[in-house]
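Peer 1: Sequence plus predicted model, see below.
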Amino acid sequence: MKRIFIASIGAIALTTIPLIGAIPGAPSIWNAKSAIAQNVVNKPKVNLQLVADQQVLQKNAQGKEVTTWKSLGSKVTVKPGDVIRFTVMGKNEGKSAAKSLVMTQAIARGMVYMLNSATPVNGATLTYSIDQGKTFVVNPTIKVTLANGKVEERPAPATAYTHVRWKLSQALEPNTSVQAAYLVKVR
């Protein structure tokens, strides 16, 4: 049995916040302070939450296998082969739109990303990293040397995936939410 601390797995979000903007004419010190204060009050505030659920497979009365999800706490014991669903939820609780929001989630050590399990988010580009988050691409590939010495590019295996990223193309407006999920299997 492995003990996994779910609380240590975090969600990362990046957002670009527009600068104060040009104030017409030569701004006085009063106007500059007022503009800065206004920008701080009106800036986006995206709160992220990461939730982990464990897959539970059961048979119903007709003998058909049914999948349900059991919420996990911060200290959990899991075993190899268990499937965990991580859900990243972001809500803009600020006064202005959060532009260029990026949600990046690392695949925890001891877990393997389940290929094609990341949920698409409307208006977001879904990319993956196989190099510890240095680069992200839609379809990661690896180079494989064949017996004849020729090198080919092939789709990266699930064990190579280190990060999942959703890059929103549309701004996250105030009081709106976004949610994305992916599955991993415990090694």
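Peer 2: Here it is on my side, so go on. Residues are numbered from 1 along each chain as shown.

Peer 1: got any ranges where this structure has weak pLDDT?
Peer 2: Residues of the chain that meet the criterion pLDDT under 70 lie in 1-41.

Peer 1: buried ones in stretch 64-81?
Peer 2: For stretch 64-81, the buried set under the neighbour-count rule, 16 or more other C-beta atoms under 10 Å, comprises 72, 76, 78. Backbone N, C-alpha and C define where each C-beta goes, glycine included.

Peer 1: now do the same end-to-end measure for it.
Peer 2: 21 Å (C-alpha to C-alpha, to the nearest Å).

Peer 1: beta partners of Ala180?
Peer 2: For Ala180, the beta-bridge partners under DSSP bridges are Val88.

Peer 1: Hmm, Ala118 and it touching each other?
Peer 2: Yes - contact criterion C-beta atoms under 8 Å: Ala180 and Ala118 qualify, at 7.0 Å.

Peer 1: Could you tell me which residues touch both of these two?
Peer 2: Trp166 (C-beta atoms under 8 Å, 6 or more residues apart in numbering).

Peer 1: in the protein, which spans are strands?
Peer 2: 2-5, 11-16, 46-59, 65-71, 75-78, 83-92, 99-106, 111-113, 124-129, 141-145, 151-155, 163-168, 177-186 (DSSP state E).

Peer 1: State the distance from the nearest residue in space to Lys91 that is not next to it in sequence to Leu168.
Peer 2: Nearest residue to Lys91, sequence neighbours excluded (C-beta to C-beta, 6 or more residues apart in numbering): Ser177, at 4.4 Å. The gap separating Ser177 from Leu168 is 12 Å, by C-beta to C-beta, to the nearest Å.
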